[in-house]
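> dropping the sequence and predicted coords here.
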Amino acid sequence: MDELQASERVAVNKAQEGDAEAFAVLVRAYQRRAVSVAYRLLNNMEDAADVAQDAFVKAFRNLGQLEDADKFGAWLLRIVGNLSLNFRRARSLRSAVSLDGDFFEDSDAPDAATKFRLVARNDEDAEQGRQMQRLVQEAIATLPEKQALSLILFSVEGLPQKQVAEIVECSVELVKWNVFQARKKLRTLLADRL
Amino acid sequence: MPSEDNDNPNDPEFLASRALDESLTDQQRQLLSDHLGELDELRRIDALVQSLRDEKVDIDWAAFQQTIQDRITCAYDDAELERVDEIVECATEVPATWDEKRFTQDVLQLIESNTQLRPSSLRWMKVAMPLAAAAAIALMVTIAPWQNRPAKPISIVAIGPSIRSGTVPANVLSLDNAVALVSFRREPIVADNLANSRSRVSFVSVGAEPVSRRLRAAPPL
C-alpha cells in the first residue's frame, strides 16, 4: 500500500510538471472508479465516460492546485462528483424543457450506449439480479445530490466514511446522516420490491 | 442532523435492553418490533446497494485513455483557449449600432472599385457575399503578419462560411462550417479603415457548442 502510494505520489509530482505520461499512470489507476462513480450518479454509461474524461482533463489542468499528492484520489473523485452533479442538473433542465423526449426513447437507460457494456460477474440468477440492480441504480439516480454521492462512495465504492467526507467536503457525521437518509428513501422507493 | 438524546424511552437500544429484561410494555414491544423490521429492511436495502459492486463497469479503456491523452496534449494550449473564450465573450458585446449588412456592402464596393469587376463577377460575388468578405479580411491578415497583435479583441464584426484552403492564415484557429471575423481594434471597422490601415483581424469557429470544446476536438489547421 505504501509502495503504491509512493509511486502514485511520484506520478502526481511528475504530472504537476506537465508530464502527460505520468498522468496516464494516474488515469489507469483511477479510471474504473471515476467512471463507476459518474455512472452511478448519471445512470448512463456514455455520459459517465464523457464526464469522467472531462474530470481527468480538468484534474490535469489544475494539478497545480493540489497541495498534497497523497490526496489525488479524493481530489479527483471530488471533481468527478461535481461534474457529474452539474451534468445531472443540466440534463434535468434539458428534460424539463423537452416535451417529447421521454415518450419515444429512454436515453438514460444503461443500454443506450452501444459501444459500452456492463459485465455481470456471476451468472446465477443473472437476469433477475440485473433487473434488481437496475432498479436500485435508477432509484439511486433520483436521490438528492449529496445523499446519492455519499451512498455511492460509501456503500457502492466501499470508501471509508472519512474519505467520503473529504470528497463530499463535509463532516463524517453528515456523511452518516446522508447515507441514512439515502437508505430510508431507497426503502420507500423500493418498498414493493423488498 | 441527528440529535443525540440518551433519555429517549423509545430509543431502540434502550428498548432492546428492556426486552432482555422482559420489562417491555405492549406499546414498547410493538415499537421495538417496528424498529427491528425497519432495521431488517435497511439491511436488505444496503445489501442491494452493495450488490452494485458486482456490476463491473467495463468500457473500452484504451480508447478512454487515448481520448484523455489527446485532450491534455492538445495543440491548443490554455492561453489560446482563454483567448478564444475572450473572443466568444466579446461576441455578446457587439455594439448595437453595428450594421453587418452595410459592412458587407462596403467591403464589396471596395473590392469592386479596386478590381473593376465585370457584372457577371459581381453577381457571383453577391451570391458568395459572406465568403468574399471573409476572404478579403484574410488577405489583409496575410499581408501584414509582422504587426504585433493587440492584447484583447473587442468585437466580432462578421460571420460567414468557412474557407477551407491552404491559404488560411496562421491565426485562424479552427474552421468547421462557419467563421467569425474578429476585430482587435478599438474603433469599429468600416470599409475605409480596411482599405487604409493594416488592422489585425482573425477568425474563430462559431457554433452551438462551446468553442473551446470544439477547438480541443478539432484537428489543428
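Cool, got the structure.

> and chain B, what are its domains?
The record's domain split for chain B, according to automatic domain parsing, is B:12-54, B:76-217.

> ranking those domains by mean pLDDT, which is last?
With a mean of 48, domain B:76-217 has the lowest mean pLDDT of those.

> distance of B:Gln65 relative to chain A?
From B:Gln65 over to chain A the distance is 5 Å, taken as CB to the nearest CB, to the nearest Å. In short, each C-beta sits where N, CA and C put it, glycine included.

> how many other residues sit next to A:Val172?
14 (other CB atoms under 10 Å in any protein chain shown).

> so it sits against A:Gln161, correct?
Yes: counting by CB atoms under 8 Å, A:Val172 does reach A:Gln161; the two are 5.1 Å apart.

> the helix or strand containing B:Ala62: which residues count as buried?
When secondary structure is defined using DSSP states H and E, the element that contains B:Ala62 is helix B:61-72. Of the residues in helix B:61-72, those buried under the neighbour-count criterion (16 or more other CB atoms under 10 Å in any protein chain shown) are B:Phe64, B:Gln65, B:Thr67, B:Ile68, B:Gln69, B:Arg71, B:Ile72.

> do you know how far A:Arg28 is from A:Ala11?
The spacing between A:Arg28 and A:Ala11, counted by CB to CB, to the nearest Å, is 10 Å.

> those two: who's more crowded?
A:Ala11 (22 against 13).

> list the contacts for that one?
When contacts are counted by CB atoms under 8 Å, 6 or more residues apart in numbering or on different chains, A:Ala11 is found next to A:Ala22, A:Phe23, A:Val25, A:Leu26, A:Ala29.

> how's chain A carved up into domains?
For chain A, the structural domains run A:1-117, A:119-194, going by automatic domain parsing.

> chain center to the shortest one: distance?
A distance of 11 Å separates the centroid of the chain from that of domain A:119-194, by CA atoms, centre = their mean, to the nearest Å.

> hmm, back to that, can you flag the weakest of the domains of chain A by average pLDDT?
In terms of mean pLDDT, the lowest-scoring of the domains of chain A is domain A:1-117 (a mean of 81).

> relative to chain B, how far out is the closest residue to A:Arg78 other than its chain neighbours?
When the adjacent residues along the chain are set aside, A:Arg78 lies closest to A:Ile167, with 5.0 Å between them (CB to CB, 6 or more residues apart in numbering or on different chains). According to CB to the nearest CB, A:Ile167 stands 17 Å off from chain B.

> go on, A:Arg61?
Going from A:Arg61 to chain B by CB to the nearest CB gives 7 Å.

> is it true that that residue touches B:Ile68?
No: look at A:Arg61 against B:Ile68 with CB under 8 Å: they stay out of range, at 11.5 Å.

> what sits against the closest residue to A:Glu169 other than its chain neighbours?
Setting aside the residues directly before and after it, A:Glu169 is nearest to A:Arg78 in space (CB to CB, 6+ apart), at 6.9 Å. With contacts defined as CB under 8 Å, 6+ apart, A:Arg78 is in contact with A:Glu166, A:Ile167, A:Val168, A:Glu169.

> quick one: the strand or helix carrying B:Arg43 near chain A?
Here B:Arg43, judged by DSSP H and E, is contained in helix B:26-51. Yes: if you take CB under 8 Å from any CB of the partner chain as the test, helix B:26-51 does meet chain A, through B:Glu41, B:Leu42, B:Arg44, B:Ile45, B:Asp46, B:Leu48, B:Val49, B:Gln50, B:Ser51.

> pull out the buried residues from those.
Buried by 16+ other CB under 10 Å: B:Glu41, B:Ile45, B:Asp46, B:Leu48, B:Val49, out of the residues of helix B:26-51 next to chain A.

> of all these, which two lie farthest apart?
B:Glu41 and B:Val49 (12.6 Å; CB to CB).

> by contact count, what packs against the helix holding B:Ala62?
Here helix B:61-72 is seen to pack against helix A:20-42, helix A:45-61 when contacts are counted using 3 or more CB pairs under 8 Å, 6 or more residues apart in numbering or on different chains; DSSP states H and E.

> rerun at 10 Å
Using 3 or more CB pairs under 10 Å, 6 or more residues apart in numbering or on different chains; DSSP states H and E as the contact test, the elements touching helix B:61-72 are helix A:20-42, helix A:45-61, helix B:211-217.

> out of those helices, which comes closest to B:Lys56?
Nearest to B:Lys56, of the helices and strands packed on helix B:61-72 and by CB to CB, is helix A:20-42 at 8.5 Å.

> okay, the angle between that closest one and helix B:61-72?
Using axes from the mean of the first three to the mean of the last three CA atoms, to 10 degrees, the inter-axis angle of helix A:20-42 relative to helix B:61-72 is 110 degrees.

> rewinding a little: same list, the buried ones among the residues of helix B:26-51 next to chain A, but as CSV with distance to A:Glu145 please.
As requested, those are exported to CSV (distance: CB to CB, whole Å):
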residue, distance to A:Glu145
B:Glu41, 24
B:Ile45, 19
B:Asp46, 20
B:Leu48, 21
B:Val49, 17
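
> just the residues you listed now: which is nearest A:Arg33?
Proximity to A:Arg33 was ranked across these by CB to CB; first place goes to B:Val49, at 16.4 Å.

> what's the longest helix in chain A?
Using DSSP state H, we find that the single longest helix of chain A is helix A:72-97.

> and that one, how far out from the chain middle?
Once both centres are worked out by CA atoms, centre = their mean, helix A:72-97 turns out to sit 9 Å from its chain's centre.

> would you mark the buried spots in it?
So, applying 16+ other CB under 10 Å, buried residues of helix A:72-97: A:72-85, A:87-88.

> any idea how far B:Trp61 is from A:Arg78?
22 Å.

> I misspoke; the intended subject was B:Glu55.
Shown here: B:Glu55 relative to A:Arg78, a distance of 23 Å by CB to CB.

> what's the answer for B:Gln69, then?
As judged by CB to CB, B:Gln69 and A:Arg78 stand 22 Å apart.

> again, but for A:Glu157
Counting by CB to CB, the separation of A:Glu157 from A:Arg78 is 13 Å.

> which residues are common contacts for those two?
Taking CB atoms under 10 Å, 6 or more residues apart in numbering or on different chains as the criterion, A:Glu157 and A:Arg78 both touch A:Ile167.
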